[in-house]
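*Asks:* give me a 3D structure for the following:
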Amino acid sequence: MDPVRNPYAPGAGSPPPALAGRTTILQDANVRLQRLRLGRSAKSLMLVGLRGVGKTVLLDQIRHDAESMGMQTVRIEAPEHRSLPALLAPALRLALLNLSKKEAAKDYAIRALRALAGFAGKLKVTYSDIEVGLDYDPEPGLADNGDLEGDLSTLLKQAGMAAKAAGTALIIFIDELQYVEEPQLAALISALHRCAQEKLPVTVIGAGLPQLRGRMGEAKSYAERLFDFPEIGPLSSTDATDAIVKPVRQEGVEIEDLAVKSIVEKTHGYPYFLQEWGKHTWDLAAKSPIRQSDVIEASDEAIAALDESFFRVRFDRLTPTEKKYLRAMAELGPGPHRSGDIADELGRTVQSLGPTRASLIGKGMVWSPTHGDTAFTVPLFDEFMKRIMPGDEWRSLGA
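*Replies:* Residues are numbered from 1 along each chain as shown. Okay, the predicted model is just below:
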């Protein structure tokens, strides 16, 4: 098969050739955003799910849809060790400059830019990583108290007034939202609450790991009244089949039913893995139709590619103690697992492993579905841990 024509697109956030199984969530987001622009109530969305389920792809598609409807959007990613004000300030500046080009919104947008100047100037003492160009002098008393919660509320209020005057909505898209520290997350929720109370067309659509739901509830108890948290999971067998079949048929190629079934079973329907298996199967197949034997032969290459990219990039961030903890989890199976069972596997007490577990949660490697349970945030990571740390030598690691 011609590798140049390979239709599959494995990669972080890469849009697949067929966005299967996500129509309902996209339609729901579309309705919410149109209601927001009209000044009507609409809970915002926080897309939650494991790694590799396509949250980033969905987030970007919703943003694309919003822009096609004439809405003003901001897109940021929240990596570890960066403050939310530092990420928001330059992105909001660009959005406000765009709004200032509309005559009806010009004065409101300029006042919001003055608020941004006060916001950045005062908060730089606390958040030294803020770097943003300032187009107007700050207005004394406007978003310049040095208190993140109050100042961010004022800033987003001013931005919302500009968006309303322009007849549009300001949608802030934030990926990896689980990495935002709790006080900053609380400030963001509070600011959005104020905008909702004043019926201003400003909202956030976010994406994050499953622990995001709990973290937002801990940050502000009323978060559940502002947001819905649709869980983005693996595709159904039917949708996974579409994700594999439609791209090849668009290239004039056929694939046998048994080949498709084999890919779906090996990937458990996870979108990222479907793309990886599809890519390697296409490259290996000699001709159409693609056969089950092609899938079987390509599986070693697909697994190796996942090990060196999707899995390894996360494994390499771990300390020896953290690797040992995850290897013990893998010994118990896919999970979730009781903390006591993991401790027994390691010959340790639950209390002594608390800091390690907390560190792994902070790094986004595990999460707690229920109190006392621990689960991988990366699908099939238990199988990877067994491949990369085979046998029993891991038990003496760090001993």
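
*Asks:* now do the helix or strand of the chain with the lowest mean pLDDT: which elements does it pack against?
*Replies:* Scoring the helices and strands of the chain by mean pLDDT, DSSP states H and E places helix 223-226 at the bottom, with a mean of 89. Where contact means 3 or more CB pairs under 8 Å, 6 or more residues apart in numbering; DSSP states H and E, helix 223-226 is packed against helix 182-197, helix 212-219. All C-beta spots, glycine's among them, are computed from the backbone N, C-alpha and C.

*Asks:* shaky segments in this protein?
*Replies:* When residues are selected by pLDDT under 70, those of the chain lie in 12-13, 398-399.

*Asks:* can you map out the strands along it?
*Replies:* Here the chain has its strands, by DSSP state E, at 44-48, 72-77, 170-175, 202-208, 227-228, 337-338, 366-367, 373-376.

*Asks:* give me the neighbour count for the spatially closest residue to residue 352 that is not a sequence neighbour.
*Replies:* Using CB to CB, 6 or more residues apart in numbering and skipping the chain neighbours, the partner closest in space to residue 352 is residue 343 (7.8 Å). When neighbours are counted by other CB atoms under 10 Å, residue 343 registers 19.

*Asks:* isn't residue 343 right next to residue 356, touching?
*Replies:* No: at 10.4 Å, residue 343 and residue 356 do not qualify as touching, with contact defined as CB atoms under 8 Å.

*Asks:* can you list the domains in the chain?
*Replies:* 23-228, 235-314, 317-396 (automatic domain parsing).

*Asks:* looking at the ones you listed, which is nearest to residue 8?
*Replies:* domain 235-314 (3.9 Å; CB to CB).

*Asks:* can you give me the end-to-end distance of that closest one?
*Replies:* For domain 235-314, the first-to-last residue distance is 23 Å (CA to CA, to the nearest Å).

*Asks:* going forward can the numbers begin at 24, since that is how I track them
*Replies:* Done: numbering now begins at 24, and the last item shifts to domain 258-337.

*Asks:* centre of the chain to that domain, how far?
*Replies:* A distance of 24 Å separates the centroid of the chain from that of domain 258-337, by CA atoms, centre = their mean, to the nearest Å.

*Asks:* quick one: the helices and strands packed on helix 246-249 as TSV, columns for mean neighbour count too.
*Replies:* Shown next, in TSV, are these (neighbours: other CB atoms under 10 Å):
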stretch	mean neighbour count
helix 205-220	20
helix 235-242	19
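
*Asks:* is it possible to export the ones you listed to CSV including distance to residue 352?
*Replies:* Converted to CSV, these look like this (distance: least, CB to CB, whole Å):
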stretch, distance to residue 352
helix 205-220, 26
helix 235-242, 20
